[in-house]
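Visitor: take a look and give me a structure for this.
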Amino acid sequence: MPVQNVKSLCETTKASLKNANEKMEKFLNHYNLSSFEMENDEMEEFYKGYLADLRHLLVFSEVEYEKLGIALRRPVFNESVSEKVLYEVYHNVVNSFFYPKHECYSEDGRYAYTGQDAIRFRSKPQREVRDVTLELSKIFEELRELLSYYETDYVNHKRMQGERV
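Guide: Residues are numbered from 1 along each chain as shown. The predicted model follows:
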């Protein structure tokens, strides 16, 4: 991939992560476990897991955002370092969103082509949780499409050079 394309992709990815970070931080600063109405223990476990996953996602996202900032601020743009960061964004952030540890929601690809929301919740959450998750899903879907190249080609390229990924 030409250097200018990698640099442009880094800038786009950084802007998307900034947007996602702001949404997650605003949500986490406003809501905590006691903010939610829980009619049973199952919902309490759901919200505990959801908040834990969102906090982890925010940390991963902030770390990769900083790495992109460093890569873009260098006097001479380093393509290989930037490609590695983009690969890490894909694996550490995008995959963390679509495959959360506590499995409070999942992506159902059958709905992606119907114009409906592809995110399906394990339990019915309050409106605020649903809204922030769907907003984030749009951001991370775009990132997944932009960075899907790094899922296969980047790994294959590194392996052909004899490097471990």
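
Visitor: state the number of residues packed around S80.
Guide: As a burial measure, the neighbour count of S80 was computed by other CB atoms under 10 Å and equals 10. To be clear about C-beta, it is placed using only N, CA and C from the backbone, and glycine gets the same treatment.

Visitor: by contact count, what packs against the lengthiest helix in the chain?
Guide: Secondary structure of the chain read by DSSP state H shows that its longest helix is helix 41-73. Packed against helix 41-73 by the contact rule (3 or more CB pairs under 8 Å, 6 or more residues apart in numbering; DSSP states H and E) you find helix 3-30, helix 79-88, helix 95-98.

Visitor: who wins for proximity to R127 among the ones you listed?
Guide: Smallest distance to R127 across the helices and strands packed on helix 41-73 (CB to CB): 12.3 Å, for helix 3-30.

Visitor: before we move on, the earlier item: got the angle for the longest helix of the chain vs helix 3-30?
Guide: In terms of direction (axes from the mean of the first three to the mean of the last three CA atoms, to 10 degrees), helix 41-73 departs from helix 3-30 by 140 degrees.
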